[in-house]
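Novice: With the sequence up front, the predicted model follows.
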Amino acid sequence: MTERETPSVDGLVIGILGGTGEQGRGLARRFALAGHPVIIGSRSHDRAHAVAREIGQGTQGLANRDAAREAGLVIAAVPWEGHGEARSGLAPELTGKIVVDCATVPTRCQSPRAARPSRRRRCCQTAGWWRRSTTCPRSCCSIPR
């Protein structure tokens with residue numbers, strides 16, 4: 001794609017699920033300072049609103065579901081442990097949108113008794129998060145079958 005073919009991102013609303021955490025807050029601040037409209041999403045509307053006020057620059061704070069619905073580009077900045085809760089019920093709001101998942105998949109257990117998904121299963125869980133799928137399409141990962 002050449003520079004002339006690159007689509008404009010002017011006015012593209014960026015929604016950040018988990019925007020009240022360190023990673024989400026940092027991304028929101030930087031996008032807002034660059035002049036992009038930003039919506040911070042959180043499980044708590046009040047917490048999202050407080051962080052949006054702190055960031056300023058016209059940033060809005062909404063519940064995760066509303067942030068996903070209103071944004072054109074959605075960044076998931078939720079911890080791996082929160083993926084299950086965050087993904088439930090968001091598929092309709094995310095259909096047809098650009099979704100960036102910046103979760104760090106655990107590679108080591110904190111506790112020897114903790115159940116840790118296999119490397120393949122972690123990839124499948126991440127891919128399936130947005131597709132309402134429990135299987136991993138071949139194109140989504142580079143893990144050998």
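Specialist: Received, thanks.
Novice: C-alpha only now, for contacts and for neighbours.
Specialist: Will do.
Novice: List the contacts of the nearest residue to P79 once chain neighbours are set aside.
Specialist: Among residues not flanking P79 along the chain, A103 sits closest, at 5.8 Å (CA to CA, 6 or more residues apart in numbering). Going by CA atoms under 8 Å, 6 or more residues apart in numbering, A103 touches A76, A77, V78, P79, W80.
Novice: so where does G35 fall, helix or strand?
Specialist: Of the helices and strands defined by DSSP states H and E, none includes G35.
Novice: what residues are up against it?
Specialist: Counting by CA under 8 Å, 6+ apart, G35 has contacts Q57.
Novice: which residues of this structure score low on pLDDT?
Specialist: Across the chain, the ranges flagged by pLDDT under 70 are 1-4, 85, 87-88, 104-145.
Novice: quick one: buried residues of stretch 29-45?
Specialist: R29, A32, L33, H36, P37, V38, I39, I40, G41, S42, R43, H45 (16 or more other CA atoms under 10 Å).
Novice: Closest one to E54 out of those, please.
Specialist: Nearest to E54 among those, counting by CA to CA, is R29 at 9.4 Å.
Novice: got CSV for the buried residues of stretch 29-45, with distance to E93 and secondary structure too?
Specialist: Listed next are the buried residues of stretch 29-45 as CSV, based on distance: CA to CA, whole Å; DSSP: H, G, I helix; E, B strand; the rest coil:
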residue, distance to E93, secondary structure
R29, 23, helix
A32, 22, helix
L33, 26, helix
H36, 21, coil
P37, 18, coil
V38, 17, strand
I39, 14, strand
I40, 15, strand
G41, 13, strand
S42, 15, strand
R43, 15, coil
H45, 17, helix
